[in-house]
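>>> no FASTA, just this:
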């Protein structure tokens, strides 16, 4: 028997989502609001990966990479504003 492997579109390639999340986070007025928004986005991404059949143990790295891409986008926007 062979093991089935699920390949999903990389979260780091979802440029529109990354830019939208970065822009929303940059517009947040308080850290509490930003934290709640990050939790909401993370929960949604985890739910999506789970529905696609990605094992829980395999969900953490794509989520980490997504947030790294969001952080890079924020940094890029801040550099451009200076």
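Done, it's in. Treat the numbers as computed from the prediction; the structure is a model and nothing was measured.
>>> When you work out contacts or count neighbours from here on, use the C-alpha atoms and nothing else.
OK.
>>> How about the residue nearest in space to the middle of the chain: what's its closest non-neighbour residue?
For the chain, residue 66 is the residue whose C-alpha lies nearest the centre (CA atoms, centre = their mean; 3.7 Å). In this structure, residue 66 finds its nearest non-sequential neighbour in residue 12, 5.1 Å apart by CA to CA, 6 or more residues apart in numbering.
>>> ok, the one you found touching residue 71?
No. Using CA atoms under 8 Å, residue 12 is not in contact with residue 71, being 11.5 Å away.
>>> still on that earlier bit, can you give me the pLDDT of the residue nearest to residue 66?
Per-residue pLDDT puts residue 12 at 93.
>>> List the residues that contact it.
If you count contacts by CA atoms under 8 Å, 6 or more residues apart in numbering, residue 12 has them with 18, 62, 65-66, 69.
>>> Kindly list the main-chain dihedrals of residue 7?
phi -110, psi 120 (degrees, to the nearest 10).
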